[in-house]
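Engineer: just coords:
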């Protein structure tokens, strides 16, 4: 890790794709971002939320929750497991239908990196 990354204040300035494990969209345009060891809530415009939820880096696991595909390691016993050290307490329960869709995406991702 370089000095700039160490000094960056993740609460003030975070990169959604790089830093966030998952996010939840709440009432009144409030979005709760969940990182390895922090949660950050931000109000966003409807357009910002629309762009965020349409981002291909994220997969919708429930009506209000989107996981970062780049941070997902596996799905075990109906729970999304993240590949980030120290994120053991962060768990997302996923339905069987969404689990099958996510497993297919993860398999395709893994096959793409194996080539």
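Structural biologist: Right, received. Where do you want to start? Keep in mind that what you see is a predicted model, and the values were worked out from it rather than measured.
Engineer: distance between the lengthiest helix in the chain and the chain's centre?
Structural biologist: Longest helix in the chain by number of residues (criterion: DSSP state H): helix 96-114. The chain centre lies 15 Å from the centre of helix 96-114; the measure is Cα atoms, centre = their mean, to the nearest Å.
Engineer: From the contact counts, what lies against that helix?
Structural biologist: When contacts are defined as 3 or more Cβ pairs under 8 Å, 6 or more residues apart in numbering; DSSP states H and E, helix 96-114 packs onto strand 58-60, strand 72-76. C-beta here means a position set from N, CA and C on the backbone, and glycine is covered the same way.
Engineer: Buried deepest among those, which one?
Structural biologist: Neighbour counts (mean count of other Cβ atoms under 10 Å) averaged over each of the helices and strands packed on helix 96-114 peak at strand 58-60, with a mean of 18.
Engineer: Contacts for that one next, please.
Structural biologist: If you take Cβ atoms under 8 Å, 6 or more residues apart in numbering as the criterion, strand 58-60 is touched by 22-23, 52-53, 66-69, 72, 98, 101-102, 105.
Engineer: Please apply the same query to stretch 80-100.
Structural biologist: With Cβ under 8 Å, 6+ apart as the criterion, stretch 80-100 contacts 21-22, 34, 36-37, 60-62, 65, 67, 71-75, 78-79, 102.
Engineer: Counting neighbours, show which residues of stretch 72-91 come out buried.
Structural biologist: 72, 75, 80, 81, 82, 84, 87, 90 (16 or more other Cβ atoms under 10 Å).
Engineer: I'd like to know which of these is nearest to residue 41.
Structural biologist: Proximity of these to residue 41 (Cβ to Cβ) peaks at residue 90, which lies at 15.8 Å.
Engineer: in which helix or strand would I find the closest one?
Structural biologist: For residue 90, there is no host helix or strand (DSSP states H and E).
Engineer: lowest-confidence helix or strand of this structure?
Structural biologist: Least confident helix or strand of the chain, by mean pLDDT, DSSP states H and E, is helix 3-7 with a mean of 53.
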